[in-house]
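Student: Model the following, please.
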Amino acid sequence: MLIHPWDAATEDEALDFVRANEFGHLIASGRDRDVPVVVPTQFLLTGDREILLHLARPNPIWAAIEENPAVLLSVAGDWAYIPGGWKILPGEDDPRRGVPTTYYAAVQLVCHAEIVTDAAGKAEILRAQIGRLEGEAALVDPAEHERRFAGIRGLRLRIQKVNGKFKYGGNIDEAHRRYVAERLAGRAAPGDAPARTRLLRSLDG
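Tutor: Residues are numbered from 1 along each chain as shown. Purely as a prediction, here's the structure:
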């Protein structure tokens, strides 16, 4: 992923974004494969730079991880298309000469994967994920479903490297960025509000 200096996120910023968006694509290249295996998945980022998740036993990613435990977890969001006309201030030039772009946040985590096959380890992962999503004591303990554990395997991903990119016009001046923020406030596309929040945060922080 290309990250210009003005788009670079700190490690803490990147991990905060991942923690707030715990769904992404797990990518395993394996060895000597024509294409990597890519799996969309829910996951849990723990406080000690570890990611927990589980997948169905027939998932093709297991073979790729067994070949090569180096994997990539990719998370992206808070994106908004910025029309070319928004890049030109009123009276500055012909809005048709503006260059469009897309604002977005993206984090790629390089990890070492450990496959979890024992019942106690699977229960621990499920307990952590359910506790995050459902709240403590909302459901019975996962160990009560142990007879179903044969259908899944767990994963522990140790984060080796964090690459974070927050592309929100950091290469243009404040006046142009605030003008874009105003336009985002008046549009109702799904990603406009979070993109505007991140844009203003980059200006005010």
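Student: And the strands in the protein?
Tutor: Under the criterion DSSP state E, the chain contains strands at 23-28, 37-42, 44-45, 50-56, 70-82, 101-116, 152-167.
Student: for the last one, packing partners?
Tutor: Under the contact criterion of 3 or more CB pairs under 8 Å, 6 or more residues apart in numbering; DSSP states H and E, the helices and strands touching strand 152-167 comprise helix 11-20, strand 50-56, strand 101-116, helix 119-134. The way it works is simple: take the backbone N, C-alpha and C, and place the C-beta from them, glycine included.
Student: Can you list the strands that the shortest one pairs with?
Tutor: Strands that pair with strand 50-56, judged by DSSP bridges, come out as strand 44-45 (antiparallel), strand 152-167 (antiparallel).
Student: Other residues contacting it?
Tutor: Applying CB atoms under 8 Å, 6 or more residues apart in numbering, the external contacts of strand 50-56 come out as 26, 39, 41-46, 61-62, 73, 109, 111, 122, 125-126, 128-129, 151-159.
Student: List buried residues within the residues you listed.
Tutor: 26, 39, 41, 43-45, 61-62, 73, 109, 111, 122, 125-126, 128-129, 152-157, 159 (16 or more other CB atoms under 10 Å).
Student: follow-up on the earlier one: mind checking which of the strands paired with strand 50-56 is nearest R177?
Tutor: strand 152-167 (12.1 Å; CB to CB).
Student: Figure out how far that closest one is from the centre of its chain.
Tutor: Strand 152-167 has its C-alpha centroid displaced from the chain centroid by 9 Å (CA atoms, centre = their mean, to the nearest Å).
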